[in-house]
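Asks: sharing a model that was predicted from the sequence below.
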Amino acid sequence: MHIHKIFAVAAASVVLVAACSSTESVPPTTEPAAPPTTEATSTTVSAPSAPVDYAGYRNQPTACGSNQPESAVAMQFEGPDDAAVTGATVVTLNTSCGQIVIALDPGAAPEAANSFVFLAESGYLDGTVSHRIIPGFMMQAGDPTATGRGGPGYTLPDEFPAGESPYTRGVVAMANAGPGTTGSQFFIMFDDVDWLGPQYTIIGEVTSGLETLDLIANVPLGAGPNTGDPTPSTPLESVYITSVSIER
């Protein structure tokens, strides 16, 4: 799909993820004149009741007709342990809408890949939600508070990719709030974009479960107050990461 440059500039301020007290997120993707369209457009709803935190997500329906999992457990760390991520590593996200299988690339981003596996194996992601979904762009997750401001208690060095706009459908990258702020929040691309600069660490790519991404892109959305993005991007049905498995 094509996304206009105006839309891209607006979006670039929203991909920042919350690290520490700032908001990690991916650039906003709102085009002033007309929102982007995809083959399967998500239902958008202007709802003052859009959730603003994890408790709000627990009080609304679960996406894709799934059962609500156990609540996420709040965890903070001084830093990631060595998760021994040195070679081929496969991550399976079990979500409310199905599995998403990711091939990690520790060679491209060893610090971020190690942290992701450490947090997953610690149970940090279990029961968390995707707090930001933008059809035609990406879904964002990895914040147990679901506010866009949550993080693991530490930040990671930047491991930005070389080249221009490497963010294509299925790419998994870390959100941030600027240089040196990468934490636990990550995003998965729904579609290719050619306007997003290489300022987000890429940790891998989806190898199976693109149909799950399409289901997630179609959950109903409301205009939540946390992102500062006028495009409806707050899920009104909760997409949970119920559990994560690691193979290496």
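Replies: Done, it's in.
Asks: specify the beta-bridge partners of the nearest residue to residue 95 once chain neighbours are set aside.
Replies: Nearest-residue entry for residue 95: residue 241, 5.6 Å, with adjacent residues in sequence omitted and distances by Cβ to Cβ, 6 or more residues apart in numbering. C-betas here are computed from N, CA, C, even on glycine. Beta-bridge pairing for residue 241 (DSSP bridges): residue 95, residue 128.
Asks: dump the residue contacts of residue 241.
Replies: By Cβ atoms under 8 Å, 6 or more residues apart in numbering, the contact set of residue 241 is 93-95, 125-130, 141.
Asks: phi, psi for residue 210 please.
Replies: Residue 210 adopts backbone torsions of phi -60, psi -30, taken as degrees, to the nearest 10.
Asks: what about it, distance to residue 101?
Replies: Distance of residue 210 to residue 101, given as Cβ to Cβ, to the nearest Å: 10 Å.
Asks: my read: residue 193 touches residue 166, true?
Replies: No - using Cβ atoms under 8 Å as the test, residue 193 is too far from residue 166 to be in contact (10.0 Å).
Asks: these two: who's more crowded?
Replies: Higher neighbour count among residue 193 and residue 166: residue 193, with 25 against 18, using other Cβ atoms under 10 Å.
Asks: okay, the more buried one: pLDDT?
Replies: Looking at residue 193, its pLDDT is 96.
Asks: which SSE is it in?
Replies: According to DSSP states H and E, residue 193 maps onto no helix or strand at all.
Asks: just give the nearest non-adjacent residue to it, would you?
Replies: Closest to residue 193 by Cβ to Cβ, 6+ apart is residue 167, at 5.5 Å.
Asks: that neighbour: what's it in contact with?
Replies: 173, 189, 192-193, 196, 200, 202.
Asks: do residue 56 as well
Replies: Residues counted as contacts of residue 56 (Cβ under 8 Å, 6+ apart) are 50, 146.
Asks: next, it: secondary structure please.
Replies: Here residue 56 is recorded as helix under DSSP: H, G, I helix; E, B strand; the rest coil.
Asks: strands of this protein, residue ranges please.
Replies: Secondary structure of the chain (DSSP state E): strands at 15-17, 24-26, 44-45, 89-95, 98-104, 128-129, 132-134, 138-141, 171-174, 186-189, 202-208, 221-222, 234-235, 240-247.
Asks: now stretch 49-67: how far from the chain's centre is it?
Replies: Taking Cα atoms, centre = their mean, to the nearest Å, one finds stretch 49-67 lying 16 Å from the centre of the chain it belongs to.
Asks: about what we covered before: neighbour count: residue 210 and residue 101, which is higher?
Replies: Taking neighbours as other Cβ under 10 Å, residue 210 and residue 101 compare with residue 101 leading, 18 against 14.
Asks: distance check, the closest residue to the more buried one other than its chain neighbours against residue 91.
Replies: Leaving aside its sequence neighbours, residue 101 sits nearest to residue 208 (Cβ to Cβ, 6+ apart; 3.9 Å). According to Cβ to Cβ, residue 208 stands 11 Å off from residue 91.
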